[in-house]
Every structure is written in structure tokens, then in C-alpha cells.
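Trainee: Quick one: sequence plus predicted model below, questions after.
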Amino acid sequence: MGEAELGLVRLYALEPISAWLDAARKGADWVIDVRDAHDDLKHQVNDQWMSYALHDLYVLTGDKRYADHAFKIAHAIDAAEPKPPPAPDFAGSFSDTGEIPLTSARLEALASDIQLARFMGQDEEWLRAPAVRYATFTYGGQLNEENDYFARNPSRVQGAVRESLLSDNLRIDFDGHSASAWLRLARELRDPSWGKKK
């Protein structure tokens with residue numbers, strides 16, 4: 001659902017036809033009022049695509065419900081992280097196998113929520129600490145000269161992100177989610193004014 005929402009909002013940014021925005025709002029309203037209405041933090045869907053879309057919808061409409069729901073997702077992400085981790089290497093992981101894509105997708109949501117908090121002039125510190133922890137964990141899954149020994153052609157896998165701490169499987173979406181999250185968070189950390197309302 002979140003991917004469709006984001007697609008509609010971004011389509012509206014390219015071609016500002018009210019039907020695109022209306023459809024995006026109807027979808028987001030359904031998520032807030034029906035799908036997630038009775039979910040506590042334990043059952044809330046950790047949907048990074050919806051977080052992106054809710055950020056954009058808030059910027060476009062000023063409807064606080066969109067921001068509130070984005071922050072509900074962020075609180076659910078924080079609540080879902082095992083604390084303490086089962087081992088130091090697993091700090092920032094959401095699974096007992098150290099699955100990296102689960103964390104990188106959640107990092108995408110938190111990075112979007114940091115930008116939303118900035119735009120609203122609200123405190124972002126509660127989002128920053130877990131975001132940095134998740135970025136550190138996912139970075140540990142990126143292949144380099146020191147950990148690419150398993151590959152048939154090590155030079156071709158450098159920079160890729162593996163599936164988990166226990167699996168060296170590689171897929172393009174493992175790289176895509178991690179890179180997207182790292183780039184957004186890096187921009188926020190380097191420029192404290194980025195994302196603020198102008």
C-alpha cells in the first residue's frame with residue numbers, strides 16, 4: 001500500500017493534477033482510519049514507503065494526522081527492535097539472523113521521519129539515535145576487501161550489501177534500500193538545516 005501511496009504523491013509532484021493528490025489522500029486516510037486504526041505499536045506495520053508518502057502528504061496539505069501516523073510508525077519500529085540485542089554485533093537488527101534488509105527499510109522510514117520532524121520544527125533527537133544505530137548495523141553488512149573472501153570474483157561484489165550476518169546472498173534490493181537510507185541520513189547528519197520549512 002505504501003509504495004502505491006508514494007507513487008501517487010510523487011506523480012502529483014511531477015504533474016499537479018488534483019486527482020493524483022486526492023487518490024493519495026484517500027489511500028492514506030484508509031490506512032490511518034481503517035487498516036492501522038486499532039493497531040498498537042506491536043502490531044503496527046513498519047512501512048517505510050508509507051512513511052515517505054506521509055511526509056510528502058503532510059508537506060503538501062499540512063494535515064497533522066499524516067505526521068502523527070508517520071511518527072506512530074517510527075515508535076513501532078523503535079518498539080520492535082530487540083533490546084538488549086542478543087549479541088553486540090546484532091545491535092540494530094530486527095531478527096535473530098541479523099537480516100540487513102529489515103533494518104535498512106526501517107532506517108528509510110526513520111530518515112524520512114527525521115526530515116518530517118525538521119519540517120514541522122519538532123525535536124528529531126528521539127529518531128536520530130536509532131537511525132544511527134541502524135545505519136551502523138547495515139553498514140556492517142556491506143562487502144569490502146576484508147570480508148569478500150567468499151566470492152568467486154571478490155572485486156565484483158565490493159560495495160554490495162549481503163542478506164544477513166549469517167547469509168552472504170546478494171540482491172539488488174538489499175543494496176537499494178541500504179543506499180537510499182544511508183544517503184538520506186547522511187544528508188541530514190551533514191546539514192542540520194536540510195528538510196526544514198523555508
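Mentor: On my side now, so go ahead. Residues are numbered from 1 along each chain as shown.
Trainee: Just the buried positions in stretch 97-106, please.
Mentor: Residues of stretch 97-106 classed as buried by neighbour count (16 or more other C-beta atoms under 10 Å): 98, 99, 100, 101, 102, 103, 104, 105, 106. From N, CA and C alone the C-beta is placed, and that goes for glycine too.
Trainee: now swap in stretch 37-56 and tell me
Mentor: So, applying 16+ other C-beta under 10 Å, buried residues of stretch 37-56: 44, 46, 47, 48, 49, 50, 51, 52, 53, 54, 55, 56.
Trainee: Nearest residue to the fifth one in space, please, no chain neighbours.
Mentor: If I follow you right, that is residue 49. Of all residues not flanking residue 49 in the chain, residue 2 sits nearest, at 2.9 Å (C-beta to C-beta, 6 or more residues apart in numbering).
Trainee: The one you found: neighbour count?
Mentor: Around residue 2 there are 20 other residues, counting by other C-beta atoms under 10 Å.
Trainee: Run through the residues that contact it.
Mentor: 31, 47, 48, 49, 50, 51, 52, 53 (C-beta atoms under 8 Å, 6 or more residues apart in numbering).
Trainee: So the first one is in contact with residue 70, correct?
Mentor: No - in this structure residue 31 lies outside contact range of residue 70 using C-beta atoms under 8 Å: 10.9 Å.
Trainee: what pLDDT, on average, does the longest helix seen in the chain get?
Mentor: Secondary structure of the chain per DSSP state H: the longest helix is helix 100-120. Averaging pLDDT along helix 100-120 yields 97.
Trainee: got the CA positions of that helix in CSV?
Mentor: Extracted in CSV, the C-alpha atoms of helix 100-120 (Å, rounded to 0.1, in the frame of the first residue of the first chain):
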residue,chain,number,x,y,z
ILE,A,100,20.0,-6.5,6.9
PRO,A,101,17.1,-5.5,4.6
LEU,A,102,14.7,-5.5,7.6
THR,A,103,16.9,-2.8,9.2
SER,A,104,17.6,-0.8,6.1
ALA,A,105,13.9,-0.5,5.3
ARG,A,106,13.2,0.7,8.8
LEU,A,107,16.1,3.2,8.5
GLU,A,108,14.5,4.6,5.4
ALA,A,109,11.3,5.3,7.5
LEU,A,110,13.3,6.9,10.3
ALA,A,111,15.3,9.1,7.9
SER,A,112,12.0,10.3,6.4
ASP,A,113,10.6,11.0,9.8
ILE,A,114,13.7,13.0,10.8
GLN,A,115,13.0,15.2,7.7
LEU,A,116,9.4,15.4,8.7
ALA,A,117,10.2,16.4,12.3
ARG,A,118,12.6,19.1,10.9
PHE,A,119,9.9,20.4,8.6
MET,A,120,7.5,20.7,11.5
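Trainee: just how off-centre is that helix within its chain?
Mentor: Taking C-alpha atoms, centre = their mean, to the nearest Å, one finds the center of helix 100-120 at 4 Å from the center of the full chain.
Trainee: That one: what's the following helix or strand?
Mentor: helix 125-139 (DSSP states H and E).
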